[in-house]
Each structure stands twice: as structure tokens, then as C-alpha cells.
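1. this one's structure only:
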């Protein structure tokens with residue numbers, strides 16, 4: 001179901017303007033819930049990756065994808081983060097982990113409204129250079145590129161690192177959580193079918209990469225393009 005808040009209590013002439021959108025609405029109805037004046041908001045069912053016979057994840061459930069990211073952290077650090085009471089109920093909203101030498105681990109989480117985020121300190125111990133090197137050299141991480149980026153094998157997670165330019169000393173790491181959200185690009189499916197060009201603009205963490213992932217999935221799976 002799609003609810004367009006702009007048109008809720010609208011006059012008939014405004015409702016007629018929705019008629020050209022009906023094909024898109026039908027196609028998006030399983031994934032898209034609300035459009036507001038500030039932009040598209042998606043409310044995907046929590047069980048979309050689960051069959052009806054499986055247990056549904058709770059808000060404090062640390063899913064398989066997130067566990068793959070935590071697994072590259074040193075054991076004591078990983079344990080401390082997962083036991084953090086303030087973050088326990090928010091793992092589904094985790095966007096990234098910031099790890100800087102000599103500082104605590106910070107997690108950036110989605111806030112209650114669009115484009116609003118919050119940082120939560122997740123560790124009781126400060127990171128050492130040895131911790132950072134251990135993460136950087138973990139066997140699950142792909143080769144680092146010339147622009148200091150890498151990924152976690154078998155996942156959508158991304159890493160970037162800060163290196164002191166003169167001595168080449170590793171100073172910090174950012175671990176960005178990657179999630180697949182089928183239907184994220186639903187509002188632009190019709191444009192994709194027309195073969196039109198488009199430009200995605202938005203602040204960091206607003207979902208540009210998530211939309212592009214779904215664009216690739218849609219063109220490959222639904223449109224048969226390779």
C-alpha cells in the first residue's frame with residue numbers, strides 16, 4: 001500500500017493527478033509506504049528476508065550481515081560493543097562505526113527523522129594502533145585500493161582508512177554498514193524502464209548507494225539486463 005500524504009484529504013482535481021502514477025503505485029505497493037514533503041521514506045517489513053515459518057528479528061537482533069562486520073573486530077572490543085546497553089535496541093539502525101587511534105569506538109545510528117543521525121560511544125576502552133592494524137589486516141577484508149578503501153568479503157560492508165601522509169601510519173578506520181533493501185529504488189523504476197538518465201543527490205547516509213544497489217538488482221533480475 002502506498003500512502004501519499006500530500007493528497008490525503010485532497011480535492012478531486014488533485015486526486016486526478018495521481019492517475020498517471022497508478023502503474024508505479026501498483027508496482028511499488030509491496031515495498032513503499034510513505035512519501036512526505038521532505039522526501040521518500042520507506043518502511044520495509046522487518047521480516048522481508050524471512051519466510052513465514054521463521055522467527056522474525058527483534059529490534060535488538062544482531063543479524064548475520066552485521067555479525068560479519070563485527071567479526072573483523074578484536075575479540076575484547078567486539079564483546080564490549082555488543083554488550084553496550086544504549087545501542088542494544090538500535091542495531092537495525094546502525095550506519096557506521098568510527099575507529100580512531102586513542103579514542104573510543106563510536107557508532108552512528110539513524111535518528112527518528114530523515115537525515116537526523118546520532119553518535120553513541122560503544123566501547124569502554126580506547127583503541128590502540130595494534131587494534132587498528134589487526135582490523136586492517138583481517139583475512140575477511142578485500143585488498144585495499146589506492147584511495148584507502150576496502151570491503152568485507154561476501155557482504156556489502158565497506159571500509160575506509162585514514163593514513164598519516166608522511167609516515168604512512170594508520171590513524172583511523174570507518175566501517176560502513178551495507179544493507180540490501182529490495183524496492184529502495186521503486187519511485188524511479190518507471191524512469192529506468194524508459195532508459196532515461198538521472199542524478200541522485202543527497203547528504204552522506206541518505207541512501208544513495210542503497211538506491212543504486214536496488215537499481216542494479218532491478219535492471220538485472222526484473223529487466224533481464226546483464
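-> Alright, I've got the coordinates. Bear in mind the structure is a predicted one, so any value in this text is a computation, not a measurement.
2. in the helix of greatest length in the chain, what counts as buried?
-> As assigned by DSSP state H, the longest helix anywhere in the chain is helix 208-217. For helix 208-217, the buried set under the neighbour-count rule, 16 or more other C-beta atoms under 10 Å, comprises 209-211, 213-215, 217. The way it works is simple: take the backbone N, C-alpha and C, and place the C-beta from them, glycine included.
3. and what of stretch 76-95?
-> Residues of stretch 76-95 classed as buried by neighbour count (16+ other C-beta under 10 Å): 77-78, 80-82, 84, 87, 90-95.
4. lowest pLDDT pick from those?
-> Across these, the smallest pLDDT goes to residue 87, namely 76.
5. OK, contacts around it?
-> Taking C-beta atoms under 8 Å, 6 or more residues apart in numbering, we find residue 87 in contact with 81, 94, 107, 109, 120, 122.
6. in three-state terms, label the closest residue to it other than its chain neighbours for me.
-> For residue 87, ignoring the flanking residues on the chain, the nearest one in space by C-beta to C-beta, 6 or more residues apart in numbering is residue 120 at 5.4 Å. Under DSSP: H, G, I helix; E, B strand; the rest coil, residue 120 falls in the strand class.
7. quick check, residue 120 in contact with residue 109.
-> Yes. Here residue 120 lies in contact with residue 109, judged by C-beta atoms under 8 Å, at a distance of 6.3 Å.
8. which one's more surrounded, those two?
-> Legend: neighbour count by other C-beta atoms under 10 Å for residue 120 and residue 109, higher for residue 109 (18 against 14).
9. what does the more buried one show for phi and psi?
-> Backbone torsions of residue 109, given as degrees, to the nearest 10, read phi -120, psi 150.
10. ok, the closest residue in space to it that isn't next to it in sequence to residue 110 distance?
-> Setting aside the residues directly before and after it, residue 109 is nearest to residue 93 in space (C-beta to C-beta, 6+ apart), at 4.5 Å. Relative to residue 110, residue 93 is positioned 4 Å away (C-beta to C-beta, to the nearest Å).
11. one more: residue 189?
-> 24 Å.
12. between the two, point out the one with more neighbours.
-> residue 189 (20 against 16).
13. surely that one touches residue 218?
-> Yes. Using C-beta under 8 Å, residue 189 makes contact with residue 218 at a distance of 6.3 Å.
14. now the strands for this structure?
-> Taking DSSP state E as the test, the strands found in the chain are 3-4, 34-36, 39-41, 94-100, 106-110, 117-121, 149-151, 158-163, 170-176.
15. in a markdown table, list those along with distance to residue 72.
-> What follows is those, written out as a markdown table (distance: least, C-beta to C-beta, whole Å):
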| stretch | distance to residue 72 |
| --- | --- |
| strand 3-4 | 40 |
| strand 34-36 | 35 |
| strand 39-41 | 31 |
| strand 94-100 | 10 |
| strand 106-110 | 15 |
| strand 117-121 | 20 |
| strand 149-151 | 10 |
| strand 158-163 | 8 |
| strand 170-176 | 8 |
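16. so for residue 69, which of those sits nearest?
-> strand 170-176 (6.0 Å; C-beta to C-beta).
17. could you check that closest one and say which residues are buried?
-> Neighbour counts over strand 170-176 (16+ other C-beta under 10 Å) mark 170, 172-176 as buried.
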